[in-house]
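Novice: no sequence on this one, just coordinates:
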Ligand code: C2E
Ligand code: CA
Ligand code: CA
């Protein structure tokens, strides 16, 4: 093959052109595949190279040793589909191509043979030039060309194809480098967008501001910004000067700086982080400034949120514990330390179990975990233990936190120390159930405990005792020494009572000087009387309060469940009845409740009921008992005494119903009724020519009733009886409580002409001297003095002295209950003015008295020595 022949010249030129065209093709903005495919076409176009227009280019893909790698088909021309499939990749060493790659030698095949494994049986007979594409010993790929079967090997052809392979190597390398760059640029742009990052350049000389496409996209800015000032306009006014100075400093040569600011002149406000750096020319002068800018709005917000949560976390008064999924403590806040006493470093890495108290059993914790696992949270009250060993209640709420995959990553426990809350609750409860003065349980708590005790005793068959304790004469202390001393004394007494009884016994204060004691689980009544005795003994020891010494006594009533009552209310009520009896018995003693007491109560209840009905049914009558003058034995006046005639005809004694009427207030209508009847009767007799006077008993309740004077005046007016024909009998006690008022009231009655007498004189405490101050006319000496006057020298002396003194005070004296002539004689001798008694007449119905008047009945004083030689009181001397 001479190079000088014409055809040789032509062939060379053609070869040169193909190589040039190949190089140009490599510059074209085409993909590597396209370049290689067009390259194959160029080779086929050579007229002097009689090869098939069929072939491909493989690229070498390095793989791990020992396989070493494989060929991957990148471009092909006119290959059968079966080949495209079987030759898509060819391992190193396999078939002809694999061999060429392995040995990096041109492989020639004249026709198909056993070495053609890839195309076996699928294509017609053919030959091959297979040329490795290498550059500096490095395999890049393989060029595979198809020959007509029987084509002979030719050195010129081989040489040309090696040159083609070398050119392809250059093109492939260049193209691969370009693709790598484009790929990395695309990746960078993508990353910048993801990182919300852009960059800018300020061309100082031209004052032009260039933005990267990412910067424009991320911040919604125009692709070009006119000038630096235009850019600065888009910075938040407060940050603008700082940013400007940073850029100007860079212009003056200062090295890279970082800056945070707000970008406002964009699609919205952004928080941005920026870096500014000068680009220096060879003279060291800044030609332009470059910067990057990143959107940190979200980061800033997250940071702020984090700061805020950290602040909340730290300053919370709730204790906070965060554990990992295994329950290991990761964080605790300050309140945790304040509440538990453990510092953070003492508990981090530990299990919250270290706070457990022994107050809850394992079942409690199991329940808690079960709920936490099922529902994701648990809350409730729990007792934990502080570092100092103290247990305390807390309100705990635990929440499980799940990660993106739905797995529990943490548990957050928030707890509130309930100690103070509990203490307040307990205090409030204590106050509601205790007496402020003595600290003892009050009636509320007592009722509660009594109810429980009774219920319990009902079930167990035991006994319960209630002791009603009343301090004797306590009122006197208050009256004489004041409430302060009284309160102090009450406190001391409460402590004494409490102190002398077992702890299980409930001692409560019911108010004023009354205490209720509850003794539970007793076997025999004696245990309750033992308690009563201990209280009385305990109080009897001298008590010193505020410098005063006291010897306290108490009266106590006792009831037992179930013997005396079946309900708490009845137990207390019956204890009260027993207490009344203890007082009647002279105080400083205890009484057990008896059925009799209850019967008495029953009777009283029925009586009260009957009394009310009797008033309505007008079952009351007035009987009259004459009062006889000892001067002439004549009936001077009568005492009106009420009688209750039940519908069965039976007369009930006023001694039985007057006290109850007094207690219930029924005495008011009853008293008015008696007064009206008495006035009417006496007015009637006086009209018949008998100048009689009437005395009517006035009860304490009536005496203290508002408007008494007006009522009396109305009745006098109504019946037409002159006031001077009326006398009221009052008792000493009535006037003693409010002396001034009593004197005023009595004065008003006196002005109406009404006479006043002191009934039952001698049974009270008042002195004659005291009575002198009252507008009284008459004394009625009590029947008890008269009864024994003959036998008892003391009574005789008292009566004699009373008559004598009364006379000196200008008072008349009436002796009550005179039954015998001997009594009459004695009284006559003492100078007594009048007598009243069975000797002359009991109280009789009005009709009988009228009869007496008409008969002119009188007391015969014949044989009675009414003229003593000397005054009675001297007879004793
Ligand atoms: P009193 O005012 O001391 O009345 C005298 C009582 O002595 C009457 O009893 C009378 O029947 C009784 N009596 C009179 N003479 C004798 C006697 O020689 N021997 C004995 N053993 N007793 C005698 P009575 O009627 O049962 O009244 C009892 C009390 O009831 C009265 O005592 C009085 O305090 C009260 N009372 C009676 N009627 C009234 C009334 O209308 N109003 C008020 N407030 N009290 C009344
Ligand atoms: Ca009387
Ligand atoms: Ca009397």
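Specialist: Great, that's in hand. Note that the structure is predicted; figures quoted are calculated from it, not measured. Numbers count the residues shown, from 1 in each chain. Ligands and ions are numbered 1, 2, ... in the order given.

Novice: Per-residue pLDDT of the residue nearest the centre of the chain, please?
Specialist: Nearest to the geometric centre of the chain sits residue 421, at 7.8 Å (Cα atoms, centre = their mean). pLDDT, residue 421: 85.

Novice: now the one 10 residues further on
Specialist: Residue 431 is assigned a predicted lDDT (pLDDT) of 86.

Novice: number of nearby residues for it?
Specialist: Around residue 431 there are 11 other residues, counting by other Cβ atoms under 10 Å. In this view, the C-beta of every residue, glycine as well, is placed from N, C-alpha and C.

Novice: Go ahead and list the helix or strand containing it.
Specialist: Secondary-structure assignment from DSSP states H and E places residue 431 in helix 419-433.

Novice: mind checking how far that helix is from the chain centre?
Specialist: Here the centre of helix 419-433 is set off from its chain's centre by 11 Å, with Cα atoms, centre = their mean, to the nearest Å.

Novice: Buried residues, it. List them.
Specialist: Neighbour-count burial for helix 419-433, counted by 16 or more other Cβ atoms under 10 Å, picks out residue 433.

Novice: Not counting its own residues, what contacts the next helix or strand after it?
Specialist: On the C-terminal side of helix 419-433, the closest following helix or strand by DSSP H and E is helix 443-460. By Cβ atoms under 8 Å, 6 or more residues apart in numbering, the residues outside helix 443-460 that reach it are 432-434, 441, 462-464, 466, 506, 508, 510-511, 516, 518, 520-521, 561-562, 567-568, 571-572.

Novice: in helix 443-460, what counts as buried?
Specialist: Buried-residue list, helix 443-460, by 16+ other Cβ under 10 Å: 443, 445-447, 449-450, 453-454, 457.

Novice: again, but for stretch 466-475
Specialist: For stretch 466-475, the neighbour count (16+ other Cβ under 10 Å) marks 466-472, 474 as buried.

Novice: One more: stretch 17-36?
Specialist: 18-19, 22, 25-26, 32, 35-36.

Novice: ok, now which ones touch the closest residue to residue 844 other than its chain neighbours?
Specialist: In space, and not counting its chain neighbours, residue 844 is closest to residue 623: 5.7 Å by Cβ to Cβ, 6 or more residues apart in numbering. For residue 623, the contact set (Cβ under 8 Å, 6+ apart) comprises 640-643, 843-846.

Novice: Show me what from the stretch 751-877 of the chain comes close to ligand 1.
Specialist: Within the stretch 751-877 of the chain, the positions adjacent to ligand 1 are 759-760, 783, 817-819, 836-838, 842-843 by Cβ under 6 Å from any ligand atom.

Novice: try it again with 8 Å
Specialist: Those residues of the stretch 751-877 of the chain that sit near ligand 1, judged by Cβ under 8 Å from any ligand atom, are 759-760, 780, 782-783, 787, 816-819, 836-839, 842-843.

Novice: Same question for the chain.
Specialist: Residues of the chain lying close to ligand 1 (Cβ under 8 Å from any ligand atom) are 622-623, 625, 639-643, 653-655, 658, 662, 667, 670-671, 674, 696-699, 702, 729, 759-760, 780, 782-783, 787, 816-819, 836-839, 842-843.

Novice: so which strand or helix has the closest residue to residue 401 other than its chain neighbours?
Specialist: Take residue 401 and drop its neighbours on the chain: the residue closest to it by Cβ to Cβ, 6+ apart is residue 410, 4.2 Å away. Counting by DSSP H and E, the element that carries residue 410 is strand 408-417.

Novice: OK, contacts around residue 111?
Specialist: With contact taken as Cβ under 8 Å, 6+ apart, residue 111 is in contact with 125-127, 149-150.

Novice: can you give me phi and psi for it?
Specialist: phi -150, psi 180 (degrees, to the nearest 10).

Novice: Quickly note the distance from it to ligand 1.
Specialist: 160 Å (Cβ to the nearest ligand atom, to the nearest Å).

Novice: so who does the closest residue in space to that residue that isn't next to it in sequence touch?
Specialist: Here the nearest residue to residue 111 in space, its sequence neighbours aside, is residue 149; by Cβ to Cβ, 6+ apart that works out to 4.4 Å. By Cβ under 8 Å, 6+ apart, the residues touching residue 149 are 110-112, 124-127.

Novice: Phi and psi next, for residue 149.
Specialist: For residue 149, the backbone dihedrals (degrees, to the nearest 10) come out as phi -60, psi 130.

Novice: for the one 5 residues further on, same thing?
Specialist: Dihedral angles phi and psi of residue 154 (degrees, to the nearest 10) take the values phi -140, psi 120.

Novice: So for it, what's the pLDDT?
Specialist: For residue 154, the predicted pLDDT is 88.

Novice: Begin at 31, not 1, for the rest of this chat.
Specialist: In the new numbering, first residue 31, that becomes residue 184.

Novice: neighbours around it, how many?
Specialist: 15.

Novice: From residue 81, how far out is it?
Specialist: In this view, residue 184 and residue 81 are 11 Å apart by Cβ to Cβ, to the nearest Å.

Novice: Which secondary structure elements does the helix or strand hosting residue 556 sit against?
Specialist: Element membership for residue 556 (DSSP H and E) is helix 555-570. With contacts taken as 3 or more Cβ pairs under 8 Å, 6 or more residues apart in numbering; DSSP states H and E, helix 555-570 sits against strand 493-501, helix 513-529, strand 544-552, strand 584-591, strand 620-622.

Novice: secondary structure class for the residue in the stretch 131-280 of the chain that ligand 2 sits nearest to?
Specialist: Scanning the stretch 131-280 of the chain for the residue nearest ligand 2 gives residue 268, at 106.8 Å (criterion: Cβ to the ion). Classification of residue 268 by DSSP: H, G, I helix; E, B strand; the rest coil places it in helix.

Novice: can you give me the helices for the stretch 281-430 of the chain?
Specialist: Assigned by DSSP state H, counting those that start in this stretch, the helices in the stretch 281-430 of the chain fall at 327-345, 364-370, 374-377, 392-405.

Novice: Of these, flag the one that's most buried.
Specialist: Of all the helices of the stretch 281-430 of the chain, helix 364-370 carries the top mean neighbour count, a mean of 19, counting by mean count of other Cβ atoms under 10 Å.
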